[in-house]
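Enquirer: The sequence isn't on hand, but the structure is:
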């Protein structure tokens, strides 16, 4: 009799737990979407030479070894604008995203090699120009001598010679300045302005982009934590819990009962993101994120591979299970397809968060 009662109670528990099943796509979106933000990074580079002079550029083209937007005037620089996704992880305005969303994407050593070559080319050009002036001066000196011997007026040649000698002196000065430049003793500085826009908000003017500061990054695992300058997360925005124990490995009694009833919380995962940044996010109702469902197809100690399509702009998106628990941070896709993406497992974000000063 006891066995029958126990069996009946067990069945009842399973049925009750099964009735409290996993969340639907709409329920996940309603629960979590307000915690997702669109991140904008406006950036440029400064080359601060060892002689104190500075030059600026927008980006470095590795294939062509050229510096886009090169200028000597900071006011003339055209900032590079890129977008990613982030999500709130504390009530103090902390936002998680990818390192590459907020950091420089150029290889400093490669850029410095190209800079060295570029300044060497400048020196060669100055050298060539200096000796072309010498040839011109010699020609004018010969003409002047001929006119002097003939008793003719050579004041015009004197005037031109004075101008050319002045120009040659300027070229010589510039050449000596270039010789003193050592790119390896110079600094390559990455300037950035990070701002976010809230999900379901209007972005019509610059003040609608909320300024942030980068607090800490983990380049190895492509993670970053930024913070609203106000240091306060708005009360209406959802805050994702960053668990100490990975939900993919942790099942409560309730979770196990639901799993037995065919409701495994980790059978599928969701990603909430801003694919293509504002290009897809802008709607007649403000900016809106997209939510996509997929399955985990591969796990390693550091990352997950899942069948969720994405586009540029989704970097830094939260990946949650069917209970809305954070399991990964999206960071990269396969180059041959947009249907599979990689996420960094949540334990690395937990470690980065714990490393911040209390």
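Expert: Structure received. All of these numbers come straight from a predicted model, not from anything done at the bench.
Enquirer: how about the closest residue to residue 71 other than its chain neighbours, what does it touch?
Expert: Nearest residue to residue 71 in three dimensions, chain neighbours excluded: residue 56, at 5.4 Å (C-beta to C-beta, 6 or more residues apart in numbering). The way it works is simple: take the backbone N, C-alpha and C, and place the C-beta from them, glycine included. With contact set as C-beta atoms under 8 Å, 6 or more residues apart in numbering, residue 56 has these partners: 44, 45, 46, 47, 69, 70, 71, 72, 73, 74, 76, 77.
Enquirer: Please apply the same query to residue 126.
Expert: 171, 174, 175, 178.
Enquirer: Same check on residue 187?
Expert: Contacts of residue 187 (C-beta under 8 Å, 6+ apart): 46, 47, 48.
Enquirer: Please name the bridge partners of it.
Expert: residue 48 (DSSP bridges).
Enquirer: Okay, and the beta partners of residue 326?
Expert: Residue 326 forms beta bridges with residue 320, as assigned by DSSP bridges.
Enquirer: i'd like the first residue to be 14 from this point on
Expert: Renumbered: residue one is now 14, and that last one reads residue 339.
Enquirer: residue closest to the middle of the chain?
Expert: Centre of the chain computed as the mean C-alpha position; nearest residue by C-alpha atoms, centre = their mean is residue 114, 2.2 Å away.
Enquirer: quick one on the thing from earlier: of the contacts of residue 69, which is the nearest to residue 239?
Expert: Nearest to residue 239 among the contacts of residue 69: residue 57, at 18.7 Å, using C-beta to C-beta.
Enquirer: pretty sure the residue nearest to the centre of the chain belongs to a helix, no?
Expert: Yes: secondary structure of residue 114 (DSSP: H, G, I helix; E, B strand; the rest coil): part of a helix.
Enquirer: State the pLDDT value of it.
Expert: Looking at residue 114, its pLDDT reads 97.
Enquirer: And the one 5 residues further on, by the same measure?
Expert: The model reports residue 119 with a pLDDT of 91.
Enquirer: any idea whether it is helix, strand or coil?
Expert: Looking at residue 119 with three-state DSSP, the answer is coil.
Enquirer: these two touch, right, it and residue 72?
Expert: Yes: Residue 119 lies in contact with residue 72 (C-beta atoms under 8 Å); the separation is 7.3 Å.
Enquirer: joint contacts of the two?
Expert: With C-beta under 8 Å, 6+ apart, residue 119 and residue 72 have common neighbours residue 58.
Enquirer: just to revisit the earlier point, quick one, phi psi at the residue nearest to residue 84?
Expert: phi -130, psi 150 (degrees, to the nearest 10).
Enquirer: Kindly report the same for residue 291.
Expert: phi -70, psi -20.
Enquirer: burial measure for it, as a count.
Expert: 15 (other C-beta atoms under 10 Å).
Enquirer: show me what contacts it?
Expert: The contact partners of residue 291, taken as C-beta under 8 Å, 6+ apart, are 51, 96, 216, 300.
Enquirer: Pull up the gap between it and residue 221, please.
Expert: 11 Å (C-beta to C-beta, to the nearest Å).
Enquirer: Next: residue 116.
Expert: Plainly put, residue 116 is 24 Å away from residue 221 if you go by C-beta to C-beta.
Enquirer: Can you lay out the contacts of residue 291 as TSV showing secondary structure?
Expert: Converted to TSV, the contacts of residue 291 look like this (three-state DSSP):
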residue	secondary structure
51	strand
96	strand
216	coil
300	strand
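Enquirer: which one in those is the model shakiest on?
Expert: Out of the contacts of residue 291, that is residue 216, at 88.
Enquirer: Could you verify my assumption that it touches residue 301?
Expert: No: with contact defined as C-beta under 8 Å, residue 216 does not count as touching residue 301 (11.4 Å).
Enquirer: just to revisit the earlier point, ok, the residue nearest to the centre of the chain touching residue 237?
Expert: Yes: with contact defined as C-beta under 8 Å, residue 114 counts as touching residue 237 (6.7 Å).
Enquirer: list the residues that contact both of the two?
Expert: Common neighbours of residue 114 and residue 237 (criterion: C-beta under 8 Å, 6+ apart): residue 329.
Enquirer: can you pull out the helices in the chain?
Expert: Using DSSP state H, the helices of the chain run over 15-32, 38-45, 112-115, 121-163, 168-193, 266-273, 291-294, 359-367.
Enquirer: Tell me how far residue 208 lies from residue 296.
Expert: Counting by C-beta to C-beta, the gap from residue 208 to residue 296 is 20 Å.
Enquirer: My error: substitute residue 75 in the last question.
Expert: In terms of C-beta to C-beta, residue 75 sits 36 Å off from residue 296.
Enquirer: More neighbours: those two, which one.
Expert: Neighbour count, other C-beta under 10 Å: between residue 75 and residue 296, residue 75 has more, with 13 against 9.
Enquirer: Excluding chain neighbours, give the residue nearest to the more buried one in space.
Expert: Residue 75 sits nearest to residue 123 (C-beta to C-beta, 6+ apart), 6.3 Å away.
Enquirer: circling back to that earlier point, single out the most deeply packed of the helices of the chain.
Expert: helix 112-115 (a mean of 23; mean count of other C-beta atoms under 10 Å).
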